[in-house]
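[1] Got a predicted structure here, sequence first:
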Amino acid sequence: MINKLFLILVGVGVPLSVAGTLLHWPSVLMFVIYCLTIIALASFMGRATESLAIVLGPRIGGLLNATFGNAVELIISIYSLKAGLIGVVLASLTGSVLGNLLLVAGLSFFIGGTKYKRQTFNVFDARHNAGLLIFAIVVAFVIPEVFSVNMNEQATMSLSIGISVVLILLYLAALFFKLVTHRGVYQPTERLADQNHEEEVPEWSKKTAILVLAAATVAVAYVSEHLVHTFSEVGESFGWSELFIGVIIVAIVGNAAEHASALVMAYKNKMDITVEIAVGSTLQIAMFVAPVLVLISLLFSTSMPLVFTLPELIAMVTAVLLMISISNDGETNWFEGLTLLAAYVIMGIGFYLL
């Protein structure tokens with residue numbers, strides 16, 4: 001039923017997006033159409049990556065889901081950079097971190113916990129990710145903010161470029177560690193002993209899934225370019241600040257693919273994939289997407305330093321510490337999910353009132 005609804009939304013939304021753009025329909029109306037179309041397209045990306053996850057395994061499947069989910073975010077951010085909306089880009093990166101760690105993980109843990117009393121995932125992956133989260137958010141994002149106080153713009157940008165290169169190199173090293181040198185090394189003994197796995201059949205073949213991913217990504221790129229141009233008028237109409245649009249609206253729309261997939265996987269008790277999507281996507285945003293955007297911004301008239309506002313930094317650091325304290329034991333339940341959701345709501349209210 002839901003899949004049919006998303007199919008209808010894509011079938012109607014894509015033509016309306018094209019028609020509305022050519023005929024210059026009102027910005028608020030087009031903002032709604034663009035957002036719904038991107039969410040519907042993201043659902044197809046999520047289903048395609050779920051099919052690939054069954055074929056390729058949870059780690060690679062989760063990585064693919066995070067990558068293609070973040071592709072939407074990356075595309076929207078590049079067009080925002082081109083338009084000079086640096087504040088929106090930084091806010092959307094903050095929103096992605098908060099959305100993945102608190103909203104996606106929180107909803108997944110809550111929904112999965114209402115069906116299962118106790119859900120477990122790979123504790124070794126959780127501890128490995130905890131170290132990377134602290135490095136990426138607490139170290140790499142806080143350092144530019146602290147040092148930039150006594151630096152001019154050029155020095156701050158140079159520092160941002162240096163940190164961005166280090167982040168990208170460490171992210172690639174982390175992928176090499178997880179997928180090549182230490183693949184399958186850290187497995188819980190109870191997971192190895194469990195032989196009661198049911199064979200799952202992917203919804204689409206490998207070739208079809210890749211084609212769907214490619215087509216959806218192209219469509220999202222087109223819609224996202226025009227979505228960016230509606231931000232100013234929509235903000236004025238609803239009284240939304242640039243910060244709120246980036247942290248809440250763009251982040252939720254841009255990460256819709258991961259949101260949907262993580263919830264489905266949690267309901268099916270596939271918590272390794274759920275955690276890989278939520279935390280893996282956060283790490284990819286912090287260690288790859290953000291630094292890549294810093295480097296890409298050098299091509300435009302206004303470059304983007306890796307310097308967040310104090311509320312953004314405190315919110316991200318708090319989210320990281322809360323997620324680590326909840327996930328470090330390798331198991332979760334509905335109440336822990338509700339705790340993460342409560343933190344997201346509190347931060348959402350704060351950013352709205354700013």
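    Done, it's in.

[2] only C-alpha atoms for contact and neighbour calcs from this point on.
    Fine.

[3] quick one: the strands in the stretch 51-200 of the chain?
    119-120 (DSSP state E, counting those that start in this stretch).

[4] where are the low-confidence patches of it?
    By pLDDT under 70, the low-scoring segments of the stretch 51-200 of the chain are 58-59, 61-62, 65-66, 69, 184-199.

[5] Name the residues of the helix ranked longest in the chain that are buried.
    In the chain, with assignment by DSSP state H, the single longest helix is helix 27-56. Across helix 27-56, burial judged by 16 or more other CA atoms under 10 Å covers 27-28, 30-31, 33-55.

[6] now swap in stretch 225-233 and tell me
    Counting neighbours by 16+ other CA under 10 Å, one finds that the buried residues in stretch 225-233 are 225, 226, 227, 228, 229, 230, 231.

[7] Dump the residues you listed to a markdown table, plus distance to residue 164.
    A markdown table is the format used below for the buried residues of stretch 225-233 (distance: CA to CA, whole Å):
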| residue | distance to residue 164 |
| --- | --- |
| 225 | 25 |
| 226 | 28 |
| 227 | 27 |
| 228 | 25 |
| 229 | 27 |
| 230 | 29 |
| 231 | 27 |
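
[8] The residues you listed in helices, which ones?
    225, 226, 227, 228, 231.

[9] one step back: give the other helices and strands that the longest helix of the chain contacts.
    On a contact count with 3 or more CA pairs under 8 Å, 6 or more residues apart in numbering; DSSP states H and E, helix 27-56 meets helix 2-23, helix 58-82, helix 206-228, helix 231-238, helix 251-254, helix 256-267.

[10] So which elements touch the longest one?
    So the one you mean is helix 58-82. Counting by 3+ CA pairs under 8 Å, 6+ apart, helix 58-82 packs on helix 27-56, helix 86-98, helix 206-228, helix 251-254, helix 256-267, helix 271-284, helix 290-296.

[11] likewise the fifth one?
    Judged by 3+ CA pairs under 8 Å, 6+ apart, the packing partners of helix 251-254 are helix 27-56, helix 58-82, helix 86-98.

[12] Format those as JSON lines; extra columns: distance to residue 136.
    Formatted as JSON lines, the helices and strands packed on helix 251-254 follow (distance: least, CA to CA, whole Å):
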{"stretch": "helix 27-56", "distance to residue 136": "26"}
{"stretch": "helix 58-82", "distance to residue 136": "17"}
{"stretch": "helix 86-98", "distance to residue 136": "11"}
